[in-house]
Structure formats: structure tokens, C-alpha cells
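Visitor: what's the 3D shape of this:
(one chain, ligands or ions: 1)
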Amino acid sequence: MCDSLKADYQLCEELGRGRFGVVHRCYSSAADTSFACKSIHKDSLSSDPTDRRCLDVEPKILHLLSGCPAILRLHDVYEDDEYLHLVTDLCDGGDLYDRLSSGIRLPEPDAASVLNQLMVAVACCHRLGVAHRDIKPDNILFDSRGRLKLADFGSAELFGVSEMSGLVGTPYYVAPEVLTGGEYDEKVDVWSAGVILYIMLAGVPPFYGDGPAETFEAVLRGNLRFPTKLFRSVSPEAKDLLRKMMCRDVSRRLSAEQVLRHPWMINGGETT
Ligand SMILES: Nc1ncnc2c1ncn2[C@@H]1O[C@H](COP(=O)(O)OP(=O)(O)OP(=O)(O)O)[C@@H](O)[C@H]1O
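Guide: Below you'll find the predicted structure:
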């Protein structure tokens, strides 16, 4: 354990474990507040360059985004021979994955409130030249007051400096242009957020198959459908927004800012 971390924070209970490390609650007596401390064990990262780049990229990008609302804020970074420790906002209100995992469907105003906070975060990333590239319910956390915090920037990339390419993301949420192997832009995040909106309203993802390969196939070739059984009570305005977020033609897909200005968002999901 890093001495300078111990001097600044008291390490408390474990909150969870990921592939590369463990997350604890930590308490700062100076600030009289609790934070989360993610400790990444450097040896647990394979020699895979994609895994190793998380060590560099995540703290740099979180630092760059530190003024953005609705993004997990990085407060401190500590490093020793074995570990990298990232001290961030504490999100003890759970994540969107847990809220949706029972196939629960949210009323439109609740879905609009989640999407609004998510798109404020995404629009801020895009203004600063950052594409998240792995937007999914597990990476959408809530603090104790229920405020949304977009997390996990280990797959994020700066665009504008060079073109983005490479297969990153998670099967249900990945945009089709990522799968075709060419270059793509930050609108991959709008597609993923559209998939999340669909799941919030329908309780199931728009594209899925038996296993990742079939899901990729469905993302690449499937039509966006609104089965009557699931969408009978969903408003035409919400369906219009879904079509415009999951538009295969990237030039016609809405930007994050345009999503925030869509009538369904402006009306907070309240329809007449
Ligand atoms: N800021 C936080 N506040 C509260 N709990 C957190 C916070 N960050 C992570 N956690 C908890 O710790 C667990 C592990 O988080 P971590 O970011 O290491 O991995 P992950 O994103 O779940 O998985 P992976 O990194 O393997 O893709 C999470 O599932 C969550 O329960």
C-alpha cells in the first residue's frame, strides 16, 4: 500500500472487484468525505497492449474531463511499484445494469431523466475530443443522491488527433461501423446510448443473438424494430428519437448535442 495514499485517506470496506483491480471506499478526514479508491495491480494486466494502455489512458482522460458534469471525477492518483490507485467520486447508489437487469421497463420520464444526464456527460466528452467507446449500463453509476456518473474510460480515445479504428465495446451496445473494421467517429457513443434508451423502454436490447458472434451479426444486419407487444404504450416521440440515435447512416445520426435538443428530451419524456 502506497504511503502517500495512507497519509491522505483511510482505506475502508471493499466495494467491488473488476478484471484489473479492487475498489474500496476510502475516507478523507481533511475533506470529511468518502471517495472510491480503485487499485489496479500492475501485474494483473497482461502484456496485451490494449490492457496496458488502460493504465495510462484512464487517468489522463479522467483528468481532462474533470470539469464535466455527470462524469466520474478523478480526485487523486497514487502510484507505487505494484499498484496504480485512482481516487474518484464515491458512487454508492449502484449502477444502471443493476437497475435494469430484471428486465424492468422505466416510465418515459424516468428514462428521459437518465438519458438526459448521460447525454450531458457524452456531449461534454465530445466537446473535449474524447470518445468513450464503451457506453453500457455497467459503466453508468449513481451517487448516494441518485446523480448519474459516467465511468470506466479504459477504452476511451482522443479523436481529432488521429482517426479512430479498432474493435472496442460490448456486443449489445457496439455501433455497426465499429464492426466493419474501418474508421469511425465519436457518434459510436450516440448509438450505444440509443441501445440503452431502447432497453430502458422495452426491457430487452434491440439487437441480440445466441452469443457474441450472433449478436454482432444482428447489430450489423438487423433492422431496428418496435414489437407491438413491447412498444404499445411507448410514445411516437420516443421511437423517433430511437431511430435517430440508432441510424446506420452516421452522417444522419444525431450528435450528442442534437439528442439533448430532441423534443422528447426537451419535454422530459412527458407526452400528450
Ligand atoms: N466510484 C465507485 N463507487 C462505488 N463503487 C464502485 C466505483 N467504481 C467501481 N465500483 C464498484 O467496484 C466494482 C469494480 O469496478 P471496476 O471499475 O474495477 O471494474 P468493472 O468496470 O466492474 O469491470 P472491468 O474493469 O473488469 O471491466 C464495480 O462493479 C462497482 O461495484
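Visitor: shouldn't residue 84 be within a strand?
Guide: Yes - counting by DSSP: H, G, I helix; E, B strand; the rest coil, residue 84 is found in a strand.
Visitor: quick check: residues of the stretch 51-200 of the chain near the ligand?
Guide: Taking CB under 6 Å from any ligand atom as the contact definition, the stretch 51-200 of the chain meets the ligand at 72, 88, 89, 90, 91, 92, 138, 141, 152. Bear in mind the C-beta positions are built from the backbone N, C-alpha and C, glycine included.
Visitor: restricted to buried residues, select the residues you listed in ChimeraX.
Guide: Per 16 or more other CB atoms under 10 Å, the buried members of these correspond to this ChimeraX selection:
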select :72,88,89,90,91,141,152
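Visitor: for the residues of the stretch 51-200 of the chain next to the ligand, which one is nearest the ligand?
Guide: Ranked by distance to the ligand (CB to the nearest ligand atom), those are led by residue 91 at 3.7 Å.
Visitor: save the residues of the stretch 51-200 of the chain next to the ligand as CSV, and put in pLDDT too.
Guide: Formatted as CSV, those follow (pLDDT from 0 to 100):
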residue, pLDDT
72, 96
88, 95
89, 95
90, 97
91, 96
92, 93
138, 93
141, 97
152, 90
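Visitor: low-confidence ranges in the protein?
Guide: In the predicted model of the chain, residues 1, 46-51, 54, 272 satisfy pLDDT under 70.
Visitor: quick one: the helices in it, in order.
Guide: Using DSSP state H, the helices of the chain run over 3-8, 49-64, 96-100, 108-127, 176-179, 188-202, 212-221, 228-231, 236-245, 256-260, 263-266.
Visitor: any buried residues in the fourth one, and which?
Guide: This points to helix 108-127. For helix 108-127, burial by neighbour count (16+ other CB under 10 Å) applies to 108, 111-126.
Visitor: out of the helices of the chain, deepest packed?
Guide: Highest mean neighbour count of the helices of the chain: helix 188-202, a mean of 25 (counted as mean count of other CB atoms under 10 Å).
Visitor: how far away from the center of its chain is that helix?
Guide: Mean-position distance between helix 188-202 and its chain equals 11 Å (CA atoms, centre = their mean, to the nearest Å).
Visitor: now do stretch 222-230
Guide: 24 Å.
Visitor: begin at 28, not 1, for the rest of this chat.
Guide: I'll keep to 28 as the first residue from here, and by that count the last item is stretch 249-257.
Visitor: end-to-end on it?
Guide: 18 Å (CA to CA, to the nearest Å).
Visitor: cool, and stretch 46-66?
Guide: Separation of the first and last residues of stretch 46-66 by CA to CA is 11 Å.
Visitor: residue 225 touches residue 269, doesn't it?
Guide: Yes - the criterion here is CB atoms under 8 Å, and residue 225 meets it with residue 269 at 5.7 Å.
Visitor: how much space between residue 90 and the ligand?
Guide: Applying CB to the nearest ligand atom, to the nearest Å, the value for residue 90 to the ligand is 16 Å.
Visitor: in the sheet, who's paired with the residue nearest to that residue when sequence neighbours are not counted?
Guide: Nearest non-adjacent residue to residue 90, counting by CB to CB, 6 or more residues apart in numbering: residue 101, 5.8 Å away. Counting by DSSP bridges, residue 101 is bridged to residue 115.
Visitor: and stretch 43-53, what's buried?
Guide: Applying a neighbour-count criterion of 16+ other CB under 10 Å, one finds 47, 48, 49, 50, 51, 52, 53 buried in stretch 43-53.
Visitor: break this protein into its domains for me.
Guide: 34-115, 123-293 (automatic domain parsing).
Visitor: ok now the first one, how far from the chain's centre?
Guide: Centre-to-centre, domain 34-115 and its host chain are 17 Å apart (CA atoms, centre = their mean).
Visitor: burial count for the nearest residue in space to residue 199 that is not next to it in sequence?
Guide: Of all residues not flanking residue 199 in the chain, residue 232 sits nearest, at 4.4 Å (CB to CB, 6+ apart). Per other CB atoms under 10 Å, the neighbour tally for residue 232 reads 16.
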